[in-house]
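Novice: Predicted model and sequence below, questions to follow.
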Amino acid sequence: MLNSVQIQGRLVADPELRHTPNGVAVATFRLAVERDYKDQESGERKADFITVVAWRQTGTFVSKFFSKGRMVIVHGRLQMRNYTDREGNKRTMAEILANDVYFGGDKPISSENDGSYNTYLPSSQENEPTGQFTEITDDDGDLPF
């Protein structure tokens, strides 16, 4: 049997990190994933909001390095989970269990992300100096290979 899912989307909120009673880390987050087509009435692309669960080191990694608005790529498997809501109704929920989570898109401008989508550098500005490094000007032209 094959159960493999890959999605790319933006985090709709910061990941939530919890621990089981045995101390195992588990992070839960939701991604807004755009559909491939535009709505005929509005002319806009709609998005699906998909819940992702990441366990152990992957969950800790996600909660530490990802924040709202960040583009994320997830590889995992689809799981259906049954639960009873607060009103006593039986519900079924689809979620992705993440095997791997990767950074997607451009790098953030700063570590303080306010969640807006314009906090990422356009690709044309990606290689401009940011003040953290100085450009090397004395090039002797000899390559080590």
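Specialist: Cool, got the structure. Numbering: from 1, shown residues only.
Novice: For the nearest residue to residue 79 once chain neighbours are set aside, give its distance to residue 46.
Specialist: Nearest non-adjacent residue to residue 79, counting by Cβ to Cβ, 6 or more residues apart in numbering: residue 97, 5.3 Å away. Just so you know, the C-beta spots here come from the backbone N, C-alpha and C atoms, and that holds for glycine as well. As judged by Cβ to Cβ, to the nearest Å, residue 97 and residue 46 stand 25 Å apart.
Novice: Next up, the contacts around residue 49.
Specialist: Residue 49 makes contact with 12, 30-33, according to Cβ atoms under 8 Å, 6 or more residues apart in numbering.
Novice: measure the residue minimising distance to the centre of the chain to residue 19 for me?
Specialist: Per Cα atoms, centre = their mean, the C-alpha nearest to the average position across the chain is that of residue 72, at 2.7 Å. From residue 72 across to residue 19, the span is 22 Å (Cβ to Cβ).
Novice: and if you look at residue 105?
Specialist: Taken as Cβ to Cβ, the span from residue 105 to residue 19 is 29 Å.
Novice: So for the two, which sits in the more crowded spot?
Specialist: Between residue 105 and residue 19, counting by other Cβ atoms under 10 Å, residue 105 is the more crowded of the two (16 against 11).
Novice: Only alpha carbons, please: show the helix or strand containing residue 52 as CSV.
Specialist: Assigning secondary structure by DSSP states H and E places residue 52 in strand 45-55. The C-alpha coordinates for strand 45-55 follow below in CSV (Å, rounded to 0.1, in the frame of the first residue of the first chain):
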residue,chain,number,x,y,z
ARG,A,45,-7.6,31.2,-6.0
LYS,A,46,-9.1,29.5,-3.0
ALA,A,47,-7.0,27.7,-0.3
ASP,A,48,-7.4,24.5,1.6
PHE,A,49,-6.4,24.6,5.3
ILE,A,50,-4.6,21.4,6.2
THR,A,51,-3.6,20.2,9.6
VAL,A,52,-0.1,18.7,10.0
VAL,A,53,1.3,16.8,13.0
ALA,A,54,5.0,16.4,13.5
TRP,A,55,6.4,14.1,16.2
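Novice: partners of that strand in the sheet?
Specialist: Using DSSP bridges, strand 45-55 pairs in its sheet with strand 25-38 (antiparallel), strand 90-103 (parallel).
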